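1. Mind folding the following:
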Amino acid sequence: MKSVYFKLFIFLGALAISHHSVGQSATVYTSIKEALKNKKDVQYLDLSGQELRKVPRKIKKFKNLKHLDLSENLITKMPGFLTKMKHLEKLNLNTNKLSEVHKKLYKLKNLEILELSNNKFTVVPEQIFQLKQLKEIWFRNNKLTEIPDNFGNTPKLTLIDFSGNQISKIPASIGSLQTLYYLRFANNRLSSLPNEVCNITTLIEIKISQNQIIKLPDNFGNLRQLREIEANDNLLTYLPANFGDIYQLSSLQLNKNKISELPKSFPKLRQLQHLELEGNKFTAIPKELFSIFAISYLDLSYNEISEIPSEIAKLNKLNYLDLRGNNISIVPKEIGKIRFMSKLWLGDNSLKSLPSEIKELKWLEILSLYNNQFDQKNKELIQEWLKDNDPKCSITF
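-> Numbers count the residues shown, from 1 in each chain. The predicted structure follows:
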């Protein structure tokens, strides 16, 4: 009896390794050997990370295949038989050694997701723009320098990710992608965005960090569905006057630019919760922030701010406040009114003391005060004020 149980245990273990369930009806096979036992039923095949040097020919036996994952292998060529998989909806070839796709890629009439990140492409294959059902293109970390002008010929695109390339210009035809939600061109060589980007009113996310962008289009406020913008490490000196028209914006990252003030329309961003302005040119905390009561995360570190105004208490939902690396010498007593503050970063300033109202921050978990001018007496006072916090507050001098 023991041997029967043992054999059953081994069988179930092997079954779990060879494939696992997705939902209640679909099975993802990770072994061609196991998949061949149910050829007609195979819709999901994951052969990622198996050190494959070429695409196994036996894959063509799976006539109903919908999702094929060949990522993290050593594949150098896309074989022709893949273009005959007429039911294929998703093809993942990320992290291989590809520099081109098969010339008949366009035959994949039902393909919706194409992933080609971390390969060796120097040009975007023209065949891609003949895939009329395509919804997502992933081309991260290749060696692309440009995008063809017919980029807008794929009418159903919802996501494009060309981050980590050497692209210096986005074609104006991008404006015809009227179903696009996610636009990602981080870590390229862009100096601007085409005005036509602002015609894509469906956009909910833009990621353009680590470029050389000097300004955003004047009509950027037309993108009223945007929820998230990442534009760190650029050369921006200001935001468009109508920036506040992006009513739905909840997260904005503008670290390491050259911005010194916010537009007058900024207070209209009533949904903004997460704001990062580290390493810019602000000499004061922008007054435009004090009427955006939803802000819970605010980073103004490494600017040129000399004081914290009492109006900071209006941001009573603040959970995280980072003001490191400024010229601040006084913290107002109103800081104690921000009751739910859990992380307060004030290192690299000119502080000698804190107001006793700091003891009202019962939820404070991190108080960073390194590289200031506190004497021993004030250090002990601060520790005494916060000693009863639960969880205990970590104070760094």
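2. need the contact list for the residue nearest to the spatial centre of the chain.
-> When C-alpha atoms, centre = their mean is applied to the chain, the residue found nearest the centroid is K207 (6.8 Å). The contact partners of K207, taken as C-beta atoms under 8 Å, 6 or more residues apart in numbering, are 163, 182-186, 228-230. Placement of C-beta: from N, CA and C, glycine included.
3. Ok, N188 next?
-> N188 makes contact with 162-168, 210-211, according to C-beta under 8 Å, 6+ apart.
4. 7 Å instead?
-> 165-167, 211 (C-beta atoms under 7 Å, 6 or more residues apart in numbering).
5. Just the buried ones from these, in PyMOL syntax?
-> Selecting just the buried residues from these in PyMOL takes one command, with 16 or more other C-beta atoms under 10 Å as the test:
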select buried, resi 165+167+211
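6. any weak-confidence spans in the protein?
-> Across the chain, the stretches falling below the confidence threshold (pLDDT under 70) are 1-25.
7. still on that earlier bit, which one of the contacts of N188 is nearest F129?
-> F129 has its nearest neighbour among the contacts of N188 in I167, at 16.2 Å by C-beta to C-beta.
8. Any buried residues in stretch 118-130, and which?
-> Neighbour counts over stretch 118-130 (16+ other C-beta under 10 Å) mark 118-119, 121, 124-125, 127-130 as buried.
9. do stretch 129-141 as well
-> 129-131, 134-141.
10. Is Q383 in a helix, a strand, or coil?
-> Three-state secondary structure (criterion: DSSP: H, G, I helix; E, B strand; the rest coil) places Q383 in helix.
11. what's the answer for G244, then?
-> State at G244, reduced to three classes by three-state DSSP: helix.
12. who's in contact with it?
-> Contacts for G244 were tallied using C-beta under 7 Å, 6+ apart; they are 263, 265-269.
13. Most neighbours among the residues you listed, which one?
-> The residue in the contacts of G244 with the most neighbours, by other C-beta atoms under 10 Å, is L269 (25 neighbours).
14. Could you check how far that residue is from Q133?
-> In this structure, L269 and Q133 are separated by 36 Å, where distance is defined by C-beta to C-beta, to the nearest Å.
15. Please, where are all the helices along the stretch 101-250 of the chain?
-> In the stretch 101-250 of the chain, no helices are found when defined by DSSP state H, counting those that start in this stretch.
16. do the stretch 251-397 of the chain as well
-> Shown for the stretch 251-397 of the chain, the helices assigned by DSSP H, counting those that start in this stretch span residues 376-385.
17. Not counting sequence-adjacent ones, nearest residue to Q373?
-> Taking C-beta to C-beta, 6 or more residues apart in numbering as the measure, Q373 lies nearest to K352, with 4.8 Å between them; neighbours along the chain are not counted.
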